[in-house]
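In: Got a predicted model here, sequence first, then my questions.
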There are 2 protein chains.
Amino acid sequence: MTTVQVDTPGGSYPIHIGPGRLDHLAHSIPQDATAIAVVTNSTVAAHYAQRVQAALEQTGKRLMRIELPDGEAYKDWQTLNLIYDALLRNRLDRRAVLVALGGGVVGDICGFAAATYMRGIRFLQVPTTLLAQVDSSVGGKTAVNHPLGKNMIGAFYQPIGVEVDIDVLATLPQREVSAGLAEVIKYGLIIDADFFAWCEQNVAALRRLEPAALAHAIRRSCELKAQVVSQDERESGLRAILNFGHTFGHAIESGLGYGEWLHGEAVGCGMVQAAELSQACLGLDGASVERVRALVQAIGCPVQAPDLGTSRWIDLMQVDKKTEGGTLRFVLLPEIGRAVFQPAPEAALRAVLERAATHPA
Amino acid sequence: MTTVQVDTPGGSYPIHIGPGRLDHLAHSIPQDATAIAVVTNSTVAAHYAQRVQAALEQTGKRLMRIELPDGEAYKDWQTLNLIYDALLRNRLDRRAVLVALGGGVVGDICGFAAATYMRGIRFLQVPTTLLAQVDSSVGGKTAVNHPLGKNMIGAFYQPIGVEVDIDVLATLPQREVSAGLAEVIKYGLIIDADFFAWCEQNVAALRRLEPAALAHAIRRSCELKAQVVSQDERESGLRAILNFGHTFGHAIESGLGYGEWLHGEAVGCGMVQAAELSQACLGLDGASVERVRALVQAIGCPVQAPDLGTSRWIDLMQVDKKTEGGTLRFVLLPEIGRAVFQPAPEAALRAVLERAATHPA
Ligand SMILES: NC(=O)c1ccc[n+]([C@@H]2O[C@H](COP(=O)([O-])OP(=O)(O)OC[C@H]3O[C@@H](n4cnc5c(N)ncnc54)[C@H](O)[C@@H]3O)[C@@H](O)[C@H]2O)c1
Ligand SMILES: NC(=O)c1ccc[n+]([C@@H]2O[C@H](COP(=O)([O-])OP(=O)(O)OC[C@H]3O[C@@H](n4cnc5c(N)ncnc54)[C@H](O)[C@@H]3O)[C@@H](O)[C@H]2O)c1
Ligand SMILES: [Zn+2]
Ligand SMILES: [Zn+2]
């Protein structure tokens, strides 16, 4: 087991990474907790809910399970209300603790429920997808979707801890593994060129879920994310670099309809587009753009953007929170391992978007 | 104009108190704001929206109005969604500023919208009821109601400023003035015996809205609230004393159905009950209990609790957030001007509640 510490103004907490963590969750529940509610979804519950509940029973505390339907489509107010209803009907008080057992959808919605139930109760993240383990469970972003935009309703709210059990990835569909790896290589691209090179060399081991490779990739990803988030919890500056590939990615997700591409797949493809835009705007060299494209392909994510039509692309990107005062801004790479956040000239952006049209997906 | 400063971990901001503040709102909008949305309700808009918008036009910024239906019944998710919808349809970004123009209902719901829209945007409080000016606009509590409980969904989220225009109280119904005065005398009861005595002497001037008395009462209330909130933003300890009378009051509001009694009226009556409970539990002297009852009556609030039935009373109080681990805790007065927060023996509580039954409202 290895620990990565996260320190933000909103809270400090450990991320424990290792095999078998599900069986040790009792240690992460504070003494003064009055009750525990495990928030999960039907798919994850079928695999792990009993083990998690057995582990939590060791606390001797009142324990309940809230099982949500599975899917990004349910990351909405109605599902959030299922959580509020269950908590209120069972009279959980301000010292209750929520446990988010699942991928990013469960983590985001459970985190937002924790942030807003009685103006905030504690919650523990137990991420079960690779994407959630390396990204969404760390840093305190919580949200639900709104019909007019993804993650539009949310809060910055830190968990009291993150328990990453690498064993649970064994049951994860291969496509989800690929999507998670997209966020892993993102950290290399924006902050750590050596880690990017390590990913290039270990991509096969990672896709086979070899424990040593996996543990290293997750730990380094969490360290890098923790480092960024510690400096800028509320995304007023630096934290924006974590959105590398995401302005394109979010447009793909909402343009095709959520669920068509996985978040990580859209981000994978979006990183290739962002690398192309970096070439046009900042002179990122062509060989680096090709390294990005090759690794995104090697992890099993799409590299060819869908043809949404240039004006629709721009329209979709403008809804993204990264728009400020109407000007589109992008995370761009002057070189692999370094990122900047700045406006991009419209002509360069159009050139990148038109490649989606000339090579329809 | 007088200024009270609020300093909390979640934000520092000024409260400006005086006549004519509505015409000076432009100064409170940050330079980098991309747009301003005035959130108000139909009643308040009829009186003040044009003046407020004229004042805000001086910023030269994009300005919109979001007009909600009037009433506590609309402090819910559906109404909150009207705000989200309007903000998203008009593409307001993370640097937009909301202006809450109205009483506590508008302030709470607009504050929660600000706390959660795109994970948090800035908002300015412009309270137009006495209750909102002395209480709800200060300290960062935001919320909406849930069918299973009042203020159950919310966040601690500080505004960037509070603009208290004492002139707007001229159009406020007398009953609302009385309700606001209940919160004013609350501060005297829990922290400042001299201020309580001052209220006793100035109750007639306050009810007539004499500007000098009003300005003093509002300023002292804001100072006392700011003092408490500065020490305990998230209600982990001290801040609980601000709920003096509220555990009883909330039970009245939800027991009779929201809207039957005004919040401040329920709190007024609840303070009399809490004083009686203080007498039974802490030996608060009978003369002090009578002073509480007399002043609550003098400000025009009810002093006789409704007959909800003792077991229903207890049931309703248990849903309140002040319950922790099933034990009912109350803010009690050892003497006027000093408050403690502690469990009350059930027998004493029942004796107080049974007075509601013997003198049916
Ligand atoms: N909060 C943040 O900082 C942040 C960052 C990135 C993404 N996100 C959000 O995360 C969400 C995507 O998360 P995700 O990719 O984890 O998707 P997900 O939560 O939908 O999980 C993907 C699928 O895998 C299933 N699953 C989860 N764990 C499993 C396991 N161990 N075995 C078998 N099946 C399992 C889920 O039930 C689901 O069907 C998006 O909503 C996105 O907005 C948030
Ligand atoms: N956030 C907090 O710390 C806090 C503290 C106390 C109360 N509250 C909340 O505040 C709410 C009660 O607030 P309230 O008492 O201001 O009620 P309110 O907002 O419903 O206002 C009372 C009535 O007065 C009208 N009104 C407002 N200003 C007016 C004016 N200047 N002239 C004429 N009419 C005017 C309103 O339209 C409404 O009809 C409750 O929901 C309560 O939970 C919050
Ligand atoms: Zn992502
Ligand atoms: Zn109150």
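Out: Cool, got the structure. Ligands and ions are numbered 1, 2, ... in the order given.
In: The stretch 1-150 of chain A: strands as residue ranges?
Out: Assigned by DSSP state E, counting those that start in this stretch, the stretch 1-150 of chain A shows strands spanning A:2-8, A:11-18, A:35-41, A:62-68, A:97-102, A:122-127, A:141-146, A:149-156.
In: Write out the residues of the stretch 101-250 of chain A neighbouring ligand 1.
Out: Within reach of ligand 1 by C-beta under 6 Å from any ligand atom, the stretch 101-250 of chain A has these residues: A:102-106, A:108, A:128-129, A:131-132, A:135-136, A:139, A:141, A:151, A:168, A:171-172, A:176, A:179. For the C-beta atoms, the positions are set from N, CA and C on the backbone; glycine is no exception.
In: Please repeat the previous calculation with a cut-off of 8 Å.
Out: Residues of the stretch 101-250 of chain A lying close to ligand 1 by C-beta under 8 Å from any ligand atom are A:102-108, A:111, A:127-132, A:135-143, A:145, A:150-151, A:168-173, A:176, A:179-180, A:183, A:242.
In: picking that back up, between the strands of the stretch 1-150 of chain A, which gets nearest to ligand 2?
Out: Across the strands of the stretch 1-150 of chain A, ligand 2 has its closest neighbour in strand A:149-156 (16.9 Å, C-beta to the nearest ligand atom).
In: and the angle for that closest one with strand A:141-146?
Out: Interaxial angle of strand A:149-156 relative to strand A:141-146 (axes from the mean of the first three to the mean of the last three C-alpha atoms, to 10 degrees): 140 degrees.
In: for chain A, which spans come out with low pLDDT?
Out: Scanning chain A for pLDDT under 70 picks out the ranges A:320-326, A:358-361.
In: care to break it down by domain?
Out: What automatic domain parsing lists as the domains of chain A is A:2-171, A:174-358.
In: closest to residue B:17 out of these?
Out: Checking the domains of chain A against residue B:17 by C-beta to C-beta gives domain A:2-171 as the closest, at 26.1 Å.
In: can the closest one be found next to ligand 2?
Out: No - figure legend: domain A:2-171 not in contact with ligand 2 (C-beta under 8 Å from any ligand atom); closest approach 9.7 Å.
In: Would you map the helices across the stretch 201-350 of chain A?
Out: Taking DSSP state H, counting those that start in this stretch to define them, one finds helices in the stretch 201-350 of chain A at A:211-231, A:246-256, A:263-282, A:286-298, A:310-319, A:346-358.
In: Show me what the shortest one is packed up against.
Out: With contacts taken as 3 or more C-beta pairs under 8 Å, 6 or more residues apart in numbering or on different chains; DSSP states H and E, helix A:310-319 sits against helix A:246-256, helix A:346-358.
In: picking up where we left off before, would you reformat the domains of chain A as JSON lines and include mean neighbour count?
Out: Listed next are those as JSON lines, based on neighbours: other C-beta atoms under 10 Å in any protein chain shown:
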{"stretch": "domain A:2-171", "mean neighbour count": "21"}
{"stretch": "domain A:174-358", "mean neighbour count": "20"}
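In: For these, give me CSV that also has distance to residue B:335.
Out: What follows is those, written out as CSV (distance: least, C-beta to C-beta, whole Å):
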stretch, distance to residue B:335
domain A:2-171, 29
domain A:174-358, 43
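In: wait, which of those domains is closest to residue B:9?
Out: Of all the domains of chain A, domain A:2-171 sits nearest to residue B:9, with 7.7 Å by C-beta to C-beta.
In: Determine how far the last residue of that closest one lies from the first.
Out: 22 Å (C-alpha to C-alpha, to the nearest Å).
In: who's in contact with stretch A:112-120?
Out: Here stretch A:112-120 makes contact (C-beta atoms under 8 Å, 6 or more residues apart in numbering or on different chains) with A:39, A:80, A:83-84, A:87, A:92-94, A:98, A:121-123, A:142-144, A:153-155, A:157, A:159, B:116, B:141-143, B:151-156, B:234-235, B:321.
In: Dump it to CSV, keeping only the CA atoms.
Out: Listed next in CSV are the C-alpha coordinates belonging to stretch A:112-120 (Å, rounded to 0.1, in the frame of the first residue of the first chain):
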residue,chain,number,x,y,z
PHE,A,112,-22.3,16.6,-4.7
ALA,A,113,-24.9,15.0,-2.5
ALA,A,114,-22.3,15.2,0.4
ALA,A,115,-21.5,18.8,-0.4
THR,A,116,-25.1,19.8,-0.3
TYR,A,117,-26.9,17.5,2.1
MET,A,118,-27.6,19.6,5.2
ARG,A,119,-25.0,22.1,3.8
GLY,A,120,-22.2,19.4,3.8
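In: quick one, what contacts the residue nearest in space to the middle of chain A?
Out: Nearest residue to the geometric centre of chain A (C-alpha atoms, centre = their mean): residue A:136, 3.2 Å. Taking C-beta under 8 Å, 6+ apart, we find residue A:136 in contact with A:103, A:104, A:107, A:108, A:127.
In: I figured the second one was touching residue A:262, is that so?
Out: No - at 10.2 Å, residue A:104 and residue A:262 do not qualify as touching, with contact defined as C-beta atoms under 8 Å.
In: Leaving out the residues flanking it, which one is nearest to residue A:253?
Out: Sequence neighbours aside, residue A:266 is the residue nearest to residue A:253 in space, at 4.8 Å (criterion: C-beta to C-beta, 6 or more residues apart in numbering or on different chains).
In: Next one: the one you found from ligand 1, what distance?
Out: 10 Å (C-beta to the nearest ligand atom, to the nearest Å).
In: hmm, back to that, can you tell me which of the helices of the stretch 201-350 of chain A is nearest to residue A:12?
Out: Between residue A:12 and these, the shortest gap by C-beta to C-beta is with helix A:211-231, which sits at 9.1 Å.
In: elements contacting the closest one?
Out: strand A:2-8, strand A:11-18, strand A:161-165, helix A:174-191, helix A:193-207.
In: of all the ones you listed, which lies closest to residue B:270?
Out: Among the helices and strands packed on helix A:211-231, strand A:11-18 comes nearest to residue B:270, with 33.9 Å by C-beta to C-beta.
In: Check whether the closest one comes near ligand 1.
Out: No - using C-beta under 8 Å from any ligand atom, we find that strand A:11-18 stays clear of ligand 1, coming within 13.5 Å at best.
In: Within its sheet, name the partner strands of that strand and how each one runs.
Out: Using DSSP bridges, the strands paired with strand A:11-18 are strand A:2-8 (antiparallel), strand A:161-165 (parallel).
In: ok now it, how far from the chain's centre?
Out: Its chain's C-alpha centre and that of strand A:11-18 lie 16 Å apart, by C-alpha atoms, centre = their mean, to the nearest Å.
In: tell me the angle of it relative to helix A:211-231?
Out: Per the same axes, to 10 degrees, the angle that strand A:11-18 makes with helix A:211-231 is 170 degrees.
In: Outside of strand A:11-18 itself, list whatever touches it.
Out: By C-beta under 8 Å, 6+ apart, strand A:11-18 touches A:1-6, A:28, A:133, A:137-138, A:140, A:158-166, A:215, A:218-219, A:222, A:226.
In: What residue in the stretch 101-250 of chain A comes nearest to ligand 2?
Out: Taking C-beta to the nearest ligand atom, ligand 2 has its nearest neighbour within the stretch 101-250 of chain A at residue A:119, 9.7 Å off.
In: For that residue, give its distance to residue B:122.
Out: From residue A:119 across to residue B:122, the span is 19 Å (C-beta to C-beta, to the nearest Å).
In: Likewise for residue A:255?
Out: 30 Å.
In: Check residue A:46 too.
Out: Distance of residue A:46 to residue B:122, computed by C-beta to C-beta: 44 Å.
In: Please apply the same query to residue A:178.
Out: Using C-beta to C-beta, one gets 39 Å for the distance from residue A:178 to residue B:122.
In: Go through the strands paired with strand A:11-18 and name the closest to residue A:21.
Out: Among these, the nearest to residue A:21 by C-beta to C-beta is strand A:161-165 (3.7 Å).
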